[in-house]
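Enquirer: Structure for this input, please:
(one chain, ligands or ions: 2)
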Amino acid sequence: MTDVSAGDGPVTDVPPPATPRQDLVDRLLAGDRRALARVLTRIENGDRVGAAASARLYAHGGRAHVVGVTGPPGAGKSTLVGALIGAYREQGRSVGVVAVDPSSPMSGGATLGDRIRMGAWHGDDQVFVRSMASRGHGGGVARATTDLVDALDAAGFNPVIVETVGAGQGEIDVAALTHTTLLVQVPGTGDAVQTLKAGGLEVGDILVVGKGDLPGAAGLEADLRGMLTLAEPDPPSRRAVPGQDAWPVRVIRVSAQTQEGVAELADAIDAHRAHLARSGEIVTRLRARAEATLLARLRALLEAQVAGTTADRRVADAVAAVAARTRTPDEALASVLTVLAERGAPWAGAAANNRSASFGRR
Ligand SMILES: Nc1nc2c(ncn2[C@@H]2O[C@H](COP(=O)(O)OP(=O)(O)OP(=O)(O)O)[C@@H](O)[C@H]2O)c(=O)[nH]1
Ligand SMILES: [Mg+2]
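Expert: Ligands and ions are numbered 1, 2, ... in the order given. Next up is the predicted model:
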């Protein structure tokens, strides 16, 4: 384990006691759920303690199968996750859940956390649910979600389920951080097939027809199956490892109300996991996940450096000049880069020099 706490002080939020006590991360790793809850809160807050904890936990992760559950607001995602928790508990498996932006006011759904508190898993220390509002996190939702998933993974939960609203167009790209993605569609909304055509197919490993007890569910199931037979067999985003078969996307109709299809869905998730391991596709997915995580952090870093640049007089002048068409946007960029370089972004100075060199050659 890498000790990154040296510069940041120990990962604990109480003053050092007279007798040495285990710190939060050690307690989390030893199975202490209260320590886990506190670490998750610090991670969600995005503070230094949370960042230091994430860094220490990282080497302990990578064991959990991470399952994404995504779909439109009110599709029954939380109810479905609750049903899956039941299936996993029957198999004696622990389950960690991160629910992002639960219960939009429109859907009439209770948060998953509320359901658990009211339901059968209250007090079961093999089930841990964390709901996170996406509002107020700015661009940090994806980061916080990834770190929360990693912390539950390090704490030994397997699988870890992530519930998010949306299908690719949402504010966080769930497929980039999960191993198996369930795309939930419901009858009667009329947009299911459109969603899938608009990229959902590239995201979903398993297409779930939710609220399968409602009229229209069988029809939607048939539509989705029909669409799959017409779809490009091996789109670039899910290209199989050479020499291996691609995963055949499955359609499963589930009713969380009658429990119909829930066990079949849990089995399909396991089958997808086995496919990823057998075919070697898991390696590709983990690389893609690592790349997406790094790029997202790079983007966040650059955005933080860029934020507020327009407050600088020279940048404001450049903006005015572009608006008045006395300078081109590319010429104005040089001013912005100069300001960024002065504010401690060394790459900007190099980029500014390169740009003036290439303008000189023109
Ligand atoms: N008929 C029927 N209704 C369901 C089923 N599953 C969920 N519902 C209902 O659908 C509504 C929304 O359920 P949620 O599980 O909160 O949906 P959600 O997708 O998590 O909602 P948000 O997180 O707010 O987007 C609730 O009123 C549920 O009781 C089902 O299998 N059948
Ligand atoms: Mg929900």
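
Enquirer: which of the residues in stretch 157-169 are buried?
Expert: The neighbour-count check on stretch 157-169 (16 or more other CB atoms under 10 Å) flags 157-168 as buried. Backbone N, C-alpha and C define where each C-beta goes, glycine included.

Enquirer: The closest residue to ligand 2 within the chain: which element?
Expert: Nearest residue of the chain to ligand 2: residue 78, at 3.3 Å (CB to the ion). Counting by DSSP states H and E, the element that carries residue 78 is helix 77-90.

Enquirer: Go through that helix and flag the buried ones.
Expert: For helix 77-90, the neighbour count (16+ other CB under 10 Å) marks 77-89 as buried.

Enquirer: For that helix, C-alpha coordinates in CSV please.
Expert: The C-alpha coordinates for helix 77-90 follow below in CSV (Å, rounded to 0.1, in the frame of the first residue of the first chain):
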residue,chain,number,x,y,z
LYS,A,77,-34.2,1.7,-11.5
SER,A,78,-34.1,2.0,-7.7
THR,A,79,-36.9,-0.6,-7.3
LEU,A,80,-35.0,-2.9,-9.6
VAL,A,81,-31.7,-2.4,-7.7
GLY,A,82,-33.7,-3.3,-4.5
ALA,A,83,-34.8,-6.5,-6.2
LEU,A,84,-31.3,-7.3,-7.3
ILE,A,85,-30.0,-6.8,-3.8
GLY,A,86,-32.5,-9.4,-2.7
ALA,A,87,-31.2,-11.9,-5.4
TYR,A,88,-27.6,-11.3,-4.3
ARG,A,89,-28.4,-11.6,-0.6
GLU,A,90,-30.0,-15.0,-1.3
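
Enquirer: what's downstream of it, the next helix or strand?
Expert: strand 95-100.

Enquirer: starting at the chain centroid, how far to that following strand?
Expert: 11 Å (CA atoms, centre = their mean, to the nearest Å).

Enquirer: now the buried residues of stretch 157-169 in JSON lines, with pLDDT and secondary structure?
Expert: Formatted as JSON lines, these follow (pLDDT from 0 to 100; DSSP: H, G, I helix; E, B strand; the rest coil):
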{"residue": "157", "pLDDT": "98", "secondary structure": "coil"}
{"residue": "158", "pLDDT": "98", "secondary structure": "coil"}
{"residue": "159", "pLDDT": "98", "secondary structure": "coil"}
{"residue": "160", "pLDDT": "97", "secondary structure": "strand"}
{"residue": "161", "pLDDT": "96", "secondary structure": "strand"}
{"residue": "162", "pLDDT": "94", "secondary structure": "strand"}
{"residue": "163", "pLDDT": "91", "secondary structure": "strand"}
{"residue": "164", "pLDDT": "87", "secondary structure": "strand"}
{"residue": "165", "pLDDT": "80", "secondary structure": "strand"}
{"residue": "166", "pLDDT": "72", "secondary structure": "coil"}
{"residue": "167", "pLDDT": "51", "secondary structure": "coil"}
{"residue": "168", "pLDDT": "46", "secondary structure": "coil"}
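
Enquirer: Reformat those as CSV; add distance to residue 299.
Expert: Output for those, formatted as CSV (distance: CB to CB, whole Å):
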residue, distance to residue 299
157, 29
158, 30
159, 28
160, 24
161, 26
162, 20
163, 24
164, 19
165, 22
166, 19
167, 22
168, 18
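
Enquirer: Just give me the closest of those to ligand 1.
Expert: When these are compared for distance to ligand 1 (CB to the nearest ligand atom), residue 165 wins out at 5.0 Å.

Enquirer: Would you map the strands across the protein?
Expert: 66-71, 95-100, 127-132, 160-165, 180-185, 206-209, 250-253 (DSSP state E).

Enquirer: now those as a markdown table including distance to residue 24?
Expert: Output for these, formatted as a markdown table (distance: least, CB to CB, whole Å):
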| stretch | distance to residue 24 |
| --- | --- |
| strand 66-71 | 23 |
| strand 95-100 | 17 |
| strand 127-132 | 15 |
| strand 160-165 | 19 |
| strand 180-185 | 30 |
| strand 206-209 | 36 |
| strand 250-253 | 40 |
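
Enquirer: That'll do, ta.
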